[in-house]
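>>> here's my sequence, what's the structure:
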Amino acid sequence: MGKRFKKNPDGSDSRPKGNGKGKKTGFGLLGILAFAGSLLGMVGWVAHRERSEKRQLDGNLLRRLRSKPLGFSKHAACRMDCRFITRDDAVATLETGVVSPRHSSPNARQGLTLVHFSAQRKHILLDTLGA
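Model prediction:
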C-alpha cells in the first residue's frame, strides 16, 4: 500500500465512502450564479446612474445655450452651406443634441461641441461659443 492510501478505521484497505473530497462548503453553482447576478446588477445600476447624471448636465447646458441668441459667423455659414446643413439642423442640435467629450475641450475658450443626427441621417457637430 502506498503513502496516499491508508487503512480505514475499521482496518480495511478500500477507499473511504463518498468522493473523498471532504466536507462541502455550500458555495456551488447556485452561489456562483447569485454572485455573478449581483455583480451584473451593480454594474448596471452604476451605468444607469452615470448616464442619468450626464443627461441632466447636458440638459442644463442645452437650456442655457437655447436662452442665448443664435448667430453664425461668415465662416460658419459658409461651412454649413458646403455641408448642406441648414439653420433648422443647428436648432435641432441645440434642442436634442448631446455634449461630445471626444470633440470638446472643456478648458478651451471656444466652448463645447454638440452632436446630433438629423432626420436625413446627417451627423452634425455644432461648436458653441462661450458655453
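>>> which residue ranges form the helices in this protein?
Assigned by DSSP state H, the helices in the chain fall at 29-66, 74-82, 87-96.
>>> highest mean neighbour count out of those?
Burial of the helices of the chain is given as mean neighbour count (mean count of other CB atoms under 10 Å); helix 87-96 ranks first at a mean of 15. Every residue, glycine included, has its C-beta placed from N, CA and C.
>>> distance from it to the middle of the chain?
25 Å (CA atoms, centre = their mean, to the nearest Å).
>>> which one of the helices of the chain lies closest to Arg102?
Of all the helices of the chain, the one in closest proximity to Arg102, counting by CB to CB, is helix 29-66 (13.5 Å).
>>> now for the closest one, which elements pack on it?
Judged by 3 or more CB pairs under 8 Å, 6 or more residues apart in numbering; DSSP states H and E, the packing partners of helix 29-66 are helix 87-96, strand 98-99.
>>> any idea how far the residue positioned nearest the centre of the chain is from Lys122?
Compute the mean C-alpha point of the chain, and by CA atoms, centre = their mean the closest residue is Ala47, 5.7 Å away. Separation of Ala47 from Lys122 (CB to CB, to the nearest Å): 29 Å.
>>> keeping just the C-alphas, turn stretch 36-55 into CSV.
Provided in CSV are the C-alpha atoms of stretch 36-55 (Å, rounded to 0.1, in the frame of the first residue of the first chain):
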residue,chain,number,x,y,z
ALA,A,36,-22.4,36.9,-10.9
GLY,A,37,-26.0,38.2,-11.0
SER,A,38,-25.5,40.6,-8.1
LEU,A,39,-22.3,41.9,-9.7
LEU,A,40,-24.0,42.4,-13.1
GLY,A,41,-26.9,44.2,-11.3
MET,A,42,-24.4,46.5,-9.5
VAL,A,43,-22.6,47.4,-12.8
GLY,A,44,-25.9,48.1,-14.5
TRP,A,45,-27.0,50.4,-11.6
VAL,A,46,-23.8,52.4,-11.7
ALA,A,47,-24.0,52.8,-15.5
HIS,A,48,-27.6,53.9,-15.3
ARG,A,49,-26.8,56.5,-12.6
GLU,A,50,-23.8,57.9,-14.6
ARG,A,51,-26.0,58.1,-17.7
SER,A,52,-28.8,59.9,-15.9
GLU,A,53,-26.3,62.4,-14.4
LYS,A,54,-24.8,63.1,-17.8
ARG,A,55,-28.3,63.6,-19.3
